[in-house]
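Visitor: Dropping the sequence and predicted coords here.
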Amino acid sequence: MAIEVSVIIPNYNCKQYLAKAIASVVKQADINLEILVIDDGSTDGSVQWLEIAKQTFPQIRLLEQPNTGVVLARNRAIEEAQGKYIAFLDADDYWVDNKIKDQLDYMKANSQCSLTFTNYMHVDEEYTPIIDCFSFWPEFQTLVDTESTQFQTLDNALSVLLFANVIGTSSVMVKRSAIRAVGAFDKSLKSASDWDCWLKLAKIGEVGFTTQIGMDYLMRQNSITANRENRLNAMQEILSRSSINTSLNTKRKAKARMLECYAEYYRELGLKFKAFVRAVAAFTLFPHRRNLRHLLFDIKNLFSFG
C-alpha cells in the first residue's frame, strides 16, 4: 500500500522526548505513514535509541547528518519523503489522537489546499496546560468561526498570516508537491524560516485550519532558541518580500506586529522606555487585547519606582 503521509521529526539531543513524540504518531489511526527521523548530529544517545526503536516500529526511517541545523534537516527529509502529504513534528512535541487523519481527510477533499494547521496547547515541563495558541491571538479569532471544530478555509490567508503567525510547525500538514514547488525552507534565513515557508505556500494554494487542539507544544526552560535579534531581522526581511502586493491595511497590521516583537525584545533587555514607545506605536496602528495588555504593563513598569 502506498504511503499517504510522511511524518518528519528533526532531532537534536532530544532522546528523552522521542518516545512520547513517536508514540503519538504511531497511535494515529487508519493512516499508512512513514516516520522520517532526521538526526542532526545528536550526542545524547538518540541514534542508538532510535536504532532499537526501529525494531518495534518499522515505520521509522532514520536519517543521520552532521549538526547543520533544523532547516537543512527538514529540507533533507522533504527530499526523502515518499508520502503525498508531509506532516511535521518536533521531537519534543506530541500529537493528539486522530490529528493527522482529520487533516488528511480535509486535504483530500480540497484539492486546492496546500497547507493545513490546527490549534495547539502550550504546556510546561510537567505537561500542565498553559494557554492554547489561538487564544493568544485575538486579532486572528475575530476573523474566523471560533465555535466550529470542523476544518475551515482561511480567507485571505497570506494577509492574515503576515500579521498573525498562528501556525505551529508541529501542527502542519502540507502537500509534498507544494512544499517542494516553493523551495521548502529557506536556508539563507537565520530564523523564522517556518513562517516564511507558510507564507510561500499561502501564495500558491488554499490554507485550511481547525480550532481543535491537535498537538501540545512543550515550553522548555533550556530550549535552544534563535538569537532574538537574528529573528527580528529575519522577520523584517520576510515581511518586506512577502507583503509587496498586499493591502495598506495588511501592511499596517504587519508593522504593528513587528513593533510588538521589538517591544518584547526591549522588555527582555530591561529597556523600559524603548519597550513603551514600541508598545504605544503598535497599539495605535492596530489595537487589540494582547497589545493593550502589554502596553498597560509597560506603563506600570515605566512609572514604577519600587
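Guide: Structure's in. What do you need? Numbering: from 1, shown residues only.

Visitor: Contacts for the helix or strand residue 79 falls within next, please.
Guide: Using DSSP states H and E, residue 79 sits within helix 70-80. With contacts defined as C-beta atoms under 8 Å, 6 or more residues apart in numbering, helix 70-80 is touched by 6, 8, 10, 12, 36, 38, 40, 61, 63, 65, 86, 88, 176, 179-180, 184-187, 189, 193. C-beta coordinates here come from the backbone N, C-alpha and C atoms, glycine included.

Visitor: List the buried residues of that helix.
Guide: Using 16 or more other C-beta atoms under 10 Å as the test for burial, helix 70-80 gives 70-78.

Visitor: Now for these: which two are most distant?
Guide: The most widely separated members of these are 70 and 78, with 12.3 Å between them, by C-beta to C-beta.

Visitor: What is the longest strand anywhere in the chain packed up against?
Guide: Longest strand of the chain, by residue count under DSSP state E: strand 206-218. With contacts taken as 3 or more C-beta pairs under 8 Å, 6 or more residues apart in numbering; DSSP states H and E, strand 206-218 sits against strand 94-95, helix 99-109, strand 113-123, strand 152-153, helix 157-163.

Visitor: before we move on, the earlier item: buried ones from the contacts of helix 70-80, can you make that a ChimeraX selection?
Guide: Applying 16+ other C-beta under 10 Å to the contacts of helix 70-80, the buried members can be selected in ChimeraX as follows:
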select :6,8,10,12,36,38,40,61,63,86,88,176,179,184,185,186,189,193
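
Visitor: and which of the buried residues of helix 70-80 is nearest residue 57?
Guide: For the buried residues of helix 70-80, the nearest to residue 57 is residue 77 (16.8 Å; C-beta to C-beta).

Visitor: And the average pLDDT for stretch 187-200 is what?
Guide: Averaging pLDDT along stretch 187-200 yields 95.

Visitor: Stretch 23-40 now?
Guide: The model assigns stretch 23-40 a mean pLDDT of 96.

Visitor: from the chain's centre, how far out does that stretch sit?
Guide: A distance of 18 Å separates the centroid of the chain from that of stretch 23-40, by C-alpha atoms, centre = their mean, to the nearest Å.

Visitor: got the buried residues for it?
Guide: By 16+ other C-beta under 10 Å, the buried positions in stretch 23-40 come out as 24-25, 28, 31, 33-40.

Visitor: likewise stretch 185-204?
Guide: 185-186, 189-202.

Visitor: of all those, which two lie farthest apart?
Guide: Largest separation among those by C-beta to C-beta: 190 and 202, giving 22.0 Å.
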